[in-house]
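> Have a look at this prediction, sequence included:
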Amino acid sequence: MSKPKSIVIALALVLLGGAGLAYNSAARNSLLRSRDQVADQRAQLERAYRDVDRKMQELQQQKMTLYRYLQDCDRSIRDLDHALSAQDAVYRDVR
């Protein structure tokens, strides 16, 4: 191979190698930006998850409070029904 031809080939390899490195660098930067965006999205989703979890716990506490109130009302109704039945029985006996 002649000297000018080998210099041209060497320069072509250097230029192609540099272009390949530039492409790899651009691809890597793009992947890093994508990773950062997904990491940001994950952080937002995690915050939303914690907010929903906190709200669900609050709702569960409210649900349990309402359930206890319902039980209290049921007991009161039963007690009043028993009192009414007892009063009806006394009234029948008096007649």
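Yes, it's here.
> Any regions of the chain where pLDDT drops low?
In the predicted model, the chain carries pLDDT under 70 at residues 1-3, 8, 10-23, 95.
> can you give me the strands for it?
Secondary structure of the chain (DSSP state E): no strands located.
> mind listing the helices for this protein?
Here the chain has its helices, by DSSP state H, at 3-94.
> Distance-wise, check the residue positioned nearest the centre of the chain relative to Leu59.
The structure's the chain has its C-alpha centroid closest to Tyr49; by C-alpha atoms, centre = their mean the separation is 2.8 Å. To Leu59, Tyr49 is 15 Å away according to C-beta to C-beta, to the nearest Å. C-beta coordinates here come from the backbone N, C-alpha and C atoms, glycine included.
> Next, count neighbours for Glu58.
10 (other C-beta atoms under 10 Å).
> To clarify, my last question referred to Leu31.
10.
> Same question for the one 4 residues further on.
The burial count assigned to Arg35 is 10, neighbours taken as other C-beta under 10 Å.
> Over to Tyr69?
Here the number of neighbours of Tyr69 (other C-beta under 10 Å) works out to 10.
> again, but for the one 3 residues further on
By the measure other C-beta under 10 Å, the count of residues near Asp72 is 10.
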